[in-house]
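A.B. asks: Provided below are the primary sequence and the corresponding predicted coordinates.
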Amino acid sequence: MTIKHRDLAGIDLNLIVALDALLTESSVTRAAAKVGITQSAMSSSLARLRRLLGDELLTRTPDGMRPTPRSLALVEPVRAALRQFQGIVLREDDFDPSTVERSFTLAIPGSVEVRLIPRLLAFLAREAPGIRLHLVGLDYGSVLGDLDADRIDMAVGMISKGQVHHKVRPIYRFGFLSLFNPRLLGVSIPLSLDDFVRFPHILTYLTGVGPGVVDAALAKVGRTRRLAATTPRFATVPFHVKAAPLIATMADELAMTFAAQLGLATSPVPVPTEEIVISMLWHASYDRDPAHRWLREVVVRMGREVGSSHGEEAV
């Protein structure tokens, strides 16, 4: 497409910044705060944008401002254009992690956070003390929308693909161990398949949907297990296992750490289980953002340390 320089010269490009904020926040007040201008200035920008684009963009409803179909169609191209421009202006040669001041929101499940984030925080404290992490839970049902709306900068978890404007990079993979209190179960180690299915289990999950990895493996050999409880909170599981005659199956490094700290035992799972791949997901428009690119490479490096710490495979 030919660039029409004369037509563009008559447009205040600051309106594109205001448009992105308005589309993101669906609120004049919040958009003004995001850009750092007054509410009246943002209202004026919205009026100018409405005349320029020939659309209301945001309409008032009893529940607040709502985007029009035209504005929803503009969200992605406007954001992509701004990020590309930002990548041009913020030259990578000028990026210095030791002096940058920036906050990143990462969506990550607890089981991955406990393995990856301590290493990442230690590295950032040494190399980039001005980078702050805001960690939120990973909702697999909304993660793509959260990336598109800039609610999160990156997601790390059991992610195999996104949409065409998302990027996915595997970080590491892990296997499983079973965790239990040997004094309550009174079984020999390693666990036999019969003992494994004889006692109730507590299921921890990353995605919150579908059968567990262990259930799928048991089904292949014609066996099932009985669940006493399910929970997404991995950190609570060892305390349940310590107090009750239960078996939990979790990431091997976590199981060994909990066993050492709480006097529990671990055992290989008595059926073959598939390894889990942990990947990083981000919006493709951040590819050229120097700070984002740097952080992604650091996350990959920390993932390799996680994978190699217990003989697992980094990917």
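C.D. replies: Yes, it's here. Since the model is a prediction, treat every value here as computed from it, not as a measurement. Residues are numbered from 1 along each chain as shown.
A.B. asks: now do the helices in this structure.
C.D. replies: Along the chain, counting by DSSP state H, helices occupy 5-9, 14-25, 28-35, 39-53, 69-89, 110-127, 143-148, 182-185, 193-198, 213-220, 237-243, 252-262, 290-309.
A.B. asks: residue 96 is nearest to which of the ones you listed?
C.D. replies: When the helices of the chain are compared by Cβ to Cβ, helix 290-309 sits nearest residue 96, at 9.4 Å. Placement of C-beta: from N, CA and C, glycine included.
A.B. asks: show me what that closest one is packed up against.
C.D. replies: strand 102-107, helix 110-127, strand 154-157, strand 166-174, strand 276-283 (3 or more Cβ pairs under 8 Å, 6 or more residues apart in numbering; DSSP states H and E).
A.B. asks: now the fourth one: average pLDDT?
C.D. replies: The average pLDDT within strand 166-174 is 92.
A.B. asks: send me that strand as CSV with only the CA atoms.
C.D. replies: Backbone C-alpha positions of strand 166-174 (Å, rounded to 0.1, in the frame of the first residue of the first chain) are rendered in CSV as follows:
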residue,chain,number,x,y,z
HIS,A,166,0.8,-15.0,19.0
LYS,A,167,4.2,-16.6,19.5
VAL,A,168,4.9,-19.8,21.4
ARG,A,169,8.4,-21.0,22.5
PRO,A,170,9.0,-24.2,24.5
ILE,A,171,11.2,-23.7,27.6
TYR,A,172,11.6,-27.0,29.4
ARG,A,173,9.9,-30.3,30.1
PHE,A,174,9.4,-32.3,33.2
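A.B. asks: closest one to residue 167 among the helices of the chain?
C.D. replies: Here helix 290-309 is closest among the helices of the chain (Cβ to Cβ), at 8.9 Å.
A.B. asks: any weak-confidence spans in the stretch 101-250 of the chain?
C.D. replies: Within the stretch 101-250 of the chain, the ranges that satisfy pLDDT under 70 run 206-211.
A.B. asks: re the thing from before, make CSV from the helices and strands packed on helix 290-309 and add distance to residue 81 and mean neighbour count to it.
C.D. replies: Output for the helices and strands packed on helix 290-309, formatted as CSV (distance: least, Cβ to Cβ, whole Å; neighbours: other Cβ atoms under 10 Å):
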stretch, distance to residue 81, mean neighbour count
strand 102-107, 21, 17
helix 110-127, 30, 17
strand 154-157, 21, 24
strand 166-174, 17, 19
strand 276-283, 13, 22
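A.B. asks: circling back: how about the helices of the chain in JSON lines, adding distance to residue 63?
C.D. replies: Output for the helices of the chain, formatted as JSON lines (distance: least, Cβ to Cβ, whole Å):
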{"stretch": "helix 5-9", "distance to residue 63": "36"}
{"stretch": "helix 14-25", "distance to residue 63": "15"}
{"stretch": "helix 28-35", "distance to residue 63": "15"}
{"stretch": "helix 39-53", "distance to residue 63": "18"}
{"stretch": "helix 69-89", "distance to residue 63": "16"}
{"stretch": "helix 110-127", "distance to residue 63": "33"}
{"stretch": "helix 143-148", "distance to residue 63": "18"}
{"stretch": "helix 182-185", "distance to residue 63": "52"}
{"stretch": "helix 193-198", "distance to residue 63": "50"}
{"stretch": "helix 213-220", "distance to residue 63": "41"}
{"stretch": "helix 237-243", "distance to residue 63": "39"}
{"stretch": "helix 252-262", "distance to residue 63": "42"}
{"stretch": "helix 290-309", "distance to residue 63": "33"}
